[in-house]
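Colleague: Kindly generate the corresponding structure for this input.
(one chain, ligands or ions: 2)
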Amino acid sequence: MNADLVVVGSGFYGLTIAERCAVEHGIKVLVVDRRPHIGGNAFSERERTTGIEVHRYGAHLFHTSNERVWDYVNRFTAFTSYVHHVYTTYRGEVYPMPINLGTVNQFFRSAYTPDEARALVAEQSTEISGHEVSNLEEKGISLIGRPLYEAFIRGYTAKQWQTDPKDLPAEIISRLPVRYTYDNRYFNDTYEGLPRDGYTAWLERMADHPNIEVRLDTDFFDSSQPINSRDVVGQVPVVYTGPVDRYFEYAEGELSWRTLDFTEEVLDVGDYQGTSVMNYADEDVPYTRIHEFRHFHPERDYPTDRTVIMREYSRFATREDEPYYPVNTPEDRARLLAYRDLAKGEDGVLFGGRLGTYKYLDMHMAIGSALSAFDNKLTPFLRGSQKLVSGGVAD
Ligand code: FAD
Ligand code: UDP
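Modeller: Ligands and ions are numbered 1, 2, ... in the order given. Okay, here's the model as predicted:
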């Protein structure tokens, strides 16, 4: 095999490592991926009949406040000025998300000022005051009061996680801002936008280097393949971005994940819902949201009489499904610690990315984490001053 480094997984983590090592150290990198395409979950392609770019694994919005990541990604793509906004339907009425003064005033049919709305929410969350919040439900009520929580969070979260919000960690909801202004921007980051020529063009540019070879349809654990774990590990250094429990043949038990099912439809209307993402808060609507992809690129010349929508459904993953979101129960956390110990003992293999660390990472976090691993692990290793080993799977 003509490679100095094997990278398992062609998502943002794997491609960042491959690109940096090929450019900065001039080594030959072989990237393998079991899927038939590059890019992991960020992969997108144009729907055949309309030319509308569809994000195959769910809508991906790029946003970051990390200057280094922003500089880095701009080497491979320009970004549009798209700013993400989300709306939610509850009992037949549409409200802006995340919860802001507009949502509060519409819900209570009122015209509260920011201070009045704060006072109302404080009054509606007194049941939580005075003790530490210990789960998502308590955190939600403490942030927005019970009535808003029950309308916009409880049903959506129960559908999305298939778990009672009382049994979910409080952190999940901390991702979502609450604002006492009419600002309903979804993200708070300094930089935001969508890749002008699409995600796949961006990902392909990262891999476009004479020292990088990408082999698709290649499962690292399939020993009938020329590049497989049995022949590679111990012979060539490896950066592994697949599921950590799979690597160790589930020796410490399976880590639990949620997966998503998407149903795509091409409709004979120019605009189905007037916005890119509509959440559905009611528990009796089986899907969590509908994506309408044309709205991600208003600058493009898309057909005006057809549109592409995708409904998103959530459920627990089996081994055969694509793992999307780590569930992170207390049992999962105990198993993860055991896997981190195993990973530390795996000389010559670095575990990284969303699946390799069992962490929900946004794209900018996966890229930022790969840039740090390049500095702190791969560069010292390639200069001969350090072994290649995970300092815990959390790298
Ligand atoms: P991945 O992209 O998952 O890549 C891992 C790769 O490893 C995959 O291609 C897989 O096929 C391959 N692999 C696994 N096992 C093997 C094996 N045995 N052999 C060979 N190859 C293997 N982030 C944002 O910033 N904004 C968003 O709006 C956003 N939306 C998201 C929506 C959804 C539904 C999901 C699931 C994620 C979203 N993300 C978003 C997160 C984003 O997808 C991740 O940050 C990014 O994919 C992480 O890259 P990665 O390289 O770690 O993992
Ligand atoms: N959430 C909710 N209602 C909404 C949107 C989000 O209850 O309309 C909660 C839900 O628990 C979700 C969390 O907020 O898991 C984080 O939302 P985000 O949109 O960041 O989820 P993602 O896009 O990662 O699926």
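Colleague: who's in contact with Thr181?
Modeller: Thr181 is in contact with 100-101, 114, counting by CB atoms under 8 Å, 6 or more residues apart in numbering. No exception for glycine: its C-beta is placed from N, CA and C like everyone else's.
Colleague: quick one: which of the residues you listed is nearest Ser369?
Modeller: Taking CB to CB as the measure, Ser369 lies nearest Asn100 of the contacts of Thr181, at 30.8 Å.
Colleague: need the contact list for the closest one.
Modeller: Counting by CB under 8 Å, 6+ apart, Asn100 touches 178-184.
Colleague: Likewise for Gly356?
Modeller: 9, 13, 240-244, 247, 393.
Colleague: which of the residues you listed lies closest to Ile141?
Modeller: Closest to Ile141 out of these is Val393 (33.6 Å), distances taken as CB to CB.
Colleague: Gly356: what's its closest spatial neighbour, skipping adjacent residues?
Modeller: Nearest non-adjacent residue to Gly356, counting by CB to CB, 6 or more residues apart in numbering: Thr241, 4.8 Å away.
Colleague: Which helix or strand contains the closest residue to Arg185 other than its chain neighbours?
Modeller: Leaving out its chain neighbours, the residue that sits closest to Arg185 by CB to CB, 6+ apart is Val83, at 6.0 Å. Using DSSP states H and E, Val83 falls within no helix or strand.
Colleague: ok, which residues in the chain are in contact with ligand 1?
Modeller: By CB under 6 Å from any ligand atom, the residues of the chain that approach ligand 1 are 8-14, 32-35, 40-42, 57-62, 219-221, 241-242, 260, 324, 353-355, 361-364, 366.
Colleague: switch the cut-off to 5 Å
Modeller: 8-9, 11-13, 33-35, 40-41, 58, 60-61, 219-220, 241-242, 324, 353-354, 361-363, 366 (CB under 5 Å from any ligand atom).
Colleague: Check which helices and strands the least confident helix or strand in the chain by mean pLDDT sits against.
Modeller: Least confident helix or strand of the chain, by mean pLDDT, DSSP states H and E, is helix 171-174 with a mean of 85. Judged by 3 or more CB pairs under 8 Å, 6 or more residues apart in numbering; DSSP states H and E, the packing partners of helix 171-174 are helix 136-144, helix 155-161.
Colleague: The residue of the stretch 201-350 of the chain found nearest ligand 1: what secondary structure?
Modeller: Evaluated by CB to the nearest ligand atom, the stretch 201-350 of the chain has Gly242 as its residue closest to ligand 1, separated by 2.8 Å. Classification of Gly242 using DSSP: H, G, I helix; E, B strand; the rest coil returns coil.
Colleague: so what's the residue of the stretch 51-200 of the chain found nearest ligand 1 up against?
Modeller: Nearest residue of the stretch 51-200 of the chain to ligand 1 (CB to the nearest ligand atom) works out as Gly58 at 2.8 Å. Applying CB under 8 Å, 6+ apart to Gly58 gives the contacts 41, 260, 262, 291, 312, 324.
Colleague: Would you agree the fifth one falls within a strand?
Modeller: Read that as Glu312. Yes: assessed by three-state DSSP, Glu312 belongs to a strand.
Colleague: what sits against it?
Modeller: Here Glu312 is in contact with 58, 260-262, 287-291 (CB under 8 Å, 6+ apart).
Colleague: can you pick the most crowded of the contacts of Asn100?
Modeller: Among the contacts of Asn100, the one with the most neighbours (other CB atoms under 10 Å) is Asn184, at 20 neighbours.
Colleague: quick one: Pro165 and Ile153 touch, right?
Modeller: Yes: taking CB atoms under 8 Å as the definition, Pro165 is a contact partner of Ile153 at 7.2 Å.
Colleague: coming back round to it: got the contacts of Gly58 as JSON lines, with secondary structure and pLDDT columns?
Modeller: Formatted as JSON lines, these follow (DSSP: H, G, I helix; E, B strand; the rest coil; pLDDT from 0 to 100):
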{"residue": "Asn41", "secondary structure": "helix", "pLDDT": "96"}
{"residue": "Leu260", "secondary structure": "strand", "pLDDT": "96"}
{"residue": "Phe262", "secondary structure": "strand", "pLDDT": "97"}
{"residue": "His291", "secondary structure": "strand", "pLDDT": "98"}
{"residue": "Glu312", "secondary structure": "strand", "pLDDT": "97"}
{"residue": "Tyr324", "secondary structure": "coil", "pLDDT": "91"}
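Colleague: Any of those residues buried? List them.
Modeller: If you count burial by 16 or more other CB atoms under 10 Å, the buried members of the contacts of Gly58 come out as 41, 260, 291, 312, 324.
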